[in-house]
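In: Below is the sequence, then the predicted model.
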Amino acid sequence: MEIAVVKWIFERFLEVRSVSVIALELNQKGLVSSTGAAWIRAAVGTVLRNESYIGNLIFNKSSDRRR
């Protein structure tokens, strides 16, 4: 997934606080998810919860959450 899309998702979430709205807007822009599918709420939520995107270090499938 392009870093620009990930960054936009985070910035947009700060503005609208709605994964449904973000999914709708991504689809309206003609952007597809990393699997090539249309965006759904769950996929946007997965991006927002992805620990590597939010700055937590992940090693051997356990995280070292930054405080």
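Out: Nice, thanks for sending it over. Numbers count the residues shown, from 1 in each chain.
In: only C-alpha atoms for contact and neighbour calcs from this point on.
Out: Will do.
In: now the residue nearest the centre of the chain: how far from Ala4?
Out: For the chain, Val47 is the residue whose C-alpha lies nearest the centre (C-alpha atoms, centre = their mean; 2.6 Å). Val47 sits 13 Å away from Ala4, going by C-alpha to C-alpha, to the nearest Å.
In: Arg49 too?
Out: 17 Å.
In: for Leu31, same thing?
Out: 11 Å.
In: Between those two, tell me which one has more neighbours.
Out: Legend: neighbour count by other C-alpha atoms under 10 Å for Leu31 and Ala4, higher for Leu31 (15 against 8).
In: Checking that one next. Helix, strand or coil?
Out: coil (DSSP: H, G, I helix; E, B strand; the rest coil).
In: Give the closest residue to it in space, chain neighbours not counted.
Out: Ala38 (7.5 Å; C-alpha to C-alpha, 6 or more residues apart in numbering).
In: which residues does that neighbour contact?
Out: Shown in contact with Ala38 (C-alpha atoms under 8 Å, 6 or more residues apart in numbering): Asn27, Leu31, Val32.
In: ok, which stretches of this structure are strands?
Out: Using DSSP state E, the strands found in the chain span residues 57-59, 62-64.
In: Can you tell me which of those strands has the worst average pLDDT?
Out: The stretch with the lowest mean pLDDT among those is strand 62-64, at a mean of 55.
In: Buried ones in stretch 45-60, by neighbour count?
Out: Across stretch 45-60, burial judged by 16 or more other C-alpha atoms under 10 Å covers Gly45, Val47, Leu48.
In: Cheers, nothing more for now.
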